[in-house]
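Trainee: Here is a sequence with its predicted model. Questions after.
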Amino acid sequence: DIFIKESAQRLLIKVENPCEENLDFNETHFGVGIRSVIYTTNKYEGMYDFTAKNGVFSAKISLNLM
């Protein structure tokens, strides 16, 4: 699932997809996709949050549009 919204000079993005039930990730285990999100988020002075619960991986991203 993908949710995208522009709000108060920010672009908000939320992406969810199925994952392994016991997914464990940290900075040493990030794949290319997460590393790309982190790079882009930092470039646009944004914020990100990654979670994995109950078999669902969620990435929440907020990018500064100014």
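Mentor: Alright, I've got the coordinates. What you see is a predicted model; the values in this text were computed from it and never measured.
Trainee: Tell me where this protein has helices.
Mentor: 32-43 (DSSP state H).
Trainee: so where's it uncertain?
Mentor: Residues of the chain meeting the criterion pLDDT under 70: 24-29.
Trainee: Centroid-nearest residue for it?
Mentor: With distances taken as CA atoms, centre = their mean, the residue of the chain nearest its centroid is residue 59 (2.9 Å).
Trainee: Please tell me I have it right and that one contacts residue 47.
Mentor: No: contact criterion CB atoms under 8 Å: residue 59 and residue 47 do not qualify, at 11.5 Å. For every residue, glycine as well, the C-beta is placed using N, CA and C.
Trainee: What residues does the residue nearest to the centre of the chain make contact with?
Mentor: Going by CB atoms under 8 Å, 6 or more residues apart in numbering, residue 59 touches 13, 14, 15, 16, 34, 37, 48, 49, 50.
Trainee: Among the residues you listed, which are located in strands?
Mentor: 13, 14, 15, 16, 48, 49, 50 (DSSP state E).
Trainee: Quick one: buried ones out of those?
Mentor: 13, 15, 48, 50 (16 or more other CB atoms under 10 Å).
Trainee: From those residues, pick the one nearest residue 41.
Mentor: Residue 41 lies nearest to residue 48 out of those, by CB to CB, at 4.6 Å.
Trainee: ok, that closest one to residue 63 distance?
Mentor: Here residue 48 is placed at a distance of 9 Å from residue 63 (CB to CB, to the nearest Å).
Trainee: got it, and residue 21?
Mentor: Taking CB to CB, one finds residue 21 at 30 Å from residue 63.
Trainee: And the buried ones among the ones in strands among the contacts of residue 59, which is closest to residue 30?
Mentor: Using CB to CB, these come closest to residue 30 at residue 50, 8.6 Å.
Trainee: Look up the closest residue to the closest one, ignoring the ones flanking it.
Mentor: residue 59 (5.4 Å; CB to CB, 6 or more residues apart in numbering).
Trainee: Appreciated, that's everything.
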